[in-house]
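Asks: quick one, fold the following:
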Amino acid sequence: MVTMVHKTKGFVCHHIPKTGGTSIGNWMSNNIGDDIYWVGTRGVRTLTRDAETEMFVGWNDSEEYQNWIKWWRKHGAAENHFPPHQQVSTVKKRLKKFKRTKDLKLWHFIFLRSPYDWLTSLFWHRVNIPSNMDRIYKRRILDSTDHEAAFNNLMDCMLWQKRTKADPIQSFWINSDVEFIGDFSNLEEDFTKIMSRFDIKVENFPVRNTRSKLNKSVYFWENKKLLDKASRLLRKDIKLYEDTFQKEVKYDDGR
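Replies: You can find the predicted model right below:
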């Protein structure tokens, strides 16, 4: 999901990968799309009302998905100046620069996911869904039938993220203050709470882009080496999550 800003109410919805952005994007585009700006590197634009069949369609192998890929490559990919994920500080600088948003009083929110759960979800997403990240992971992850070895290789890539350009952890994106951090485990409840602050009622909230239970049938944390490496990789995210929600992060969440 690309960063979204309400034109008059002034809330900004940021998106960390694998934290419910597809669900939020679907709801916002279908219910308040006419009131939303879409934030890019060269400016802001208004969402079209048919965004459901373009930007935010669910991930699958259907004809709709193929149409979405074609549309995204033409209009929305990062190289076309509308990246799906941006650091909070970067978005703030861009919003101050653009004429449409520089005078808005902005209220920022973002969602955070329990780190072990986020990491396993990211792994299965990279294994199952074609993306421009395949060039980074292909030989080390996608070509492996040994899921534990592939998961280990994913973490190696991420630990050397600056060199490999692999996925950064969640705290990388939250590099500036936001007014509210929602908990992915309470996605609909927290999103409803946010919208109620701005007198917007949430109904028929969709849950999109979910992976099947089969994807998480391999329980990586029974391997102590994998668990130790994950804990090292996720240490900043673990601290952020525990400090934000005042609850302990458990690796069982990654099942």
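
Asks: what ranges do the helices span in the stretch 1-150 of the chain?
Replies: 21-31, 63-71, 88-97, 115-128, 134-137, 147-159 (DSSP state H, counting those that start in this stretch).

Asks: what's near enough to touch residue 204?
Replies: residue 27 (C-beta atoms under 8 Å, 6 or more residues apart in numbering). No exception for glycine: its C-beta is placed from N, CA and C like everyone else's.

Asks: if I look at the residue lying closest to residue 165 once chain neighbours are set aside, how far off is residue 121?
Replies: Leaving aside its sequence neighbours, residue 165 sits nearest to residue 136 (C-beta to C-beta, 6 or more residues apart in numbering; 5.9 Å). Residue 136 sits 18 Å away from residue 121, going by C-beta to C-beta, to the nearest Å.

Asks: also residue 224?
Replies: 21 Å.

Asks: residue 183 against residue 190, yeah?
Replies: Yes: in this structure, residue 183 is within contact of residue 190 by C-beta atoms under 8 Å, at 5.9 Å.

Asks: mutual contacts of the two, please.
Replies: Residues touching both residue 183 and residue 190 (C-beta under 8 Å, 6+ apart) are residue 111.

Asks: pLDDT weak spots in the stretch 101-250 of the chain?
Replies: 208-218 (pLDDT under 70).

Asks: need the strands for the stretch 151-255 of the chain, in chain order.
Replies: 180-183 (DSSP state E, counting those that start in this stretch).

Asks: which stretches in it count as helices?
Replies: Secondary structure of the stretch 151-255 of the chain by DSSP H, counting those that start in this stretch: the helices cover 161-164, 170-173, 187-197, 224-233, 235-245.

Asks: what sits up against the third one?
Replies: When contacts are taken as C-beta under 8 Å, 6+ apart, the neighbours of helix 187-197 outside the stretch itself are 11, 20, 23-24, 27, 109, 111, 180, 182-183, 201-202, 205, 207.

Asks: between those, which is closest to residue 144?
Replies: For the contacts of helix 187-197, the closest approach to residue 144 (C-beta to C-beta) belongs to residue 20, at 28.2 Å.

Asks: pretty sure the closest one is touching residue 110, no?
Replies: No: between residue 20 and residue 110 there is no contact under C-beta under 8 Å: 10.3 Å.

Asks: what about residue 145, neighbour count?
Replies: The tally of other residues near residue 145 (other C-beta atoms under 10 Å) stands at 6.

Asks: what residues are up against it?
Replies: With contacts taken as C-beta under 8 Å, 6+ apart, residue 145 has no neighbouring residues.

Asks: ok, it to residue 111 distance?
Replies: 33 Å.

Asks: again, but for residue 102
Replies: Distance of residue 102 to residue 111, computed by C-beta to C-beta: 26 Å.

Asks: more neighbours, the two?
Replies: Using other C-beta under 10 Å, the more surrounded residue of residue 102 and residue 111 is residue 111, with 26 against 11.

Asks: for the chain, identify the residue most remote from the centre.
Replies: For the chain, the largest distance from the centre (C-alpha atoms, centre = their mean) belongs to residue 224, which lies 27.7 Å off.

Asks: can you name every helix or strand that the strand ranked longest in the chain contacts?
Replies: Longest among the strand segments of the chain by residue count, using DSSP state E, is strand 107-112. Contacts defined by 3 or more C-beta pairs under 8 Å, 6 or more residues apart in numbering; DSSP states H and E place strand 107-112 against strand 11-13, helix 88-97, strand 180-183, helix 187-197, helix 235-245.

Asks: try it again at 6 Å.
Replies: strand 180-183 (3 or more C-beta pairs under 6 Å, 6 or more residues apart in numbering; DSSP states H and E).

Asks: circling back to that earlier point, for residue 229, find the nearest of the helices of the stretch 1-150 of the chain.
Replies: Comparing the helices of the stretch 1-150 of the chain by C-beta to C-beta, helix 147-159 comes nearest, at 5.2 Å.
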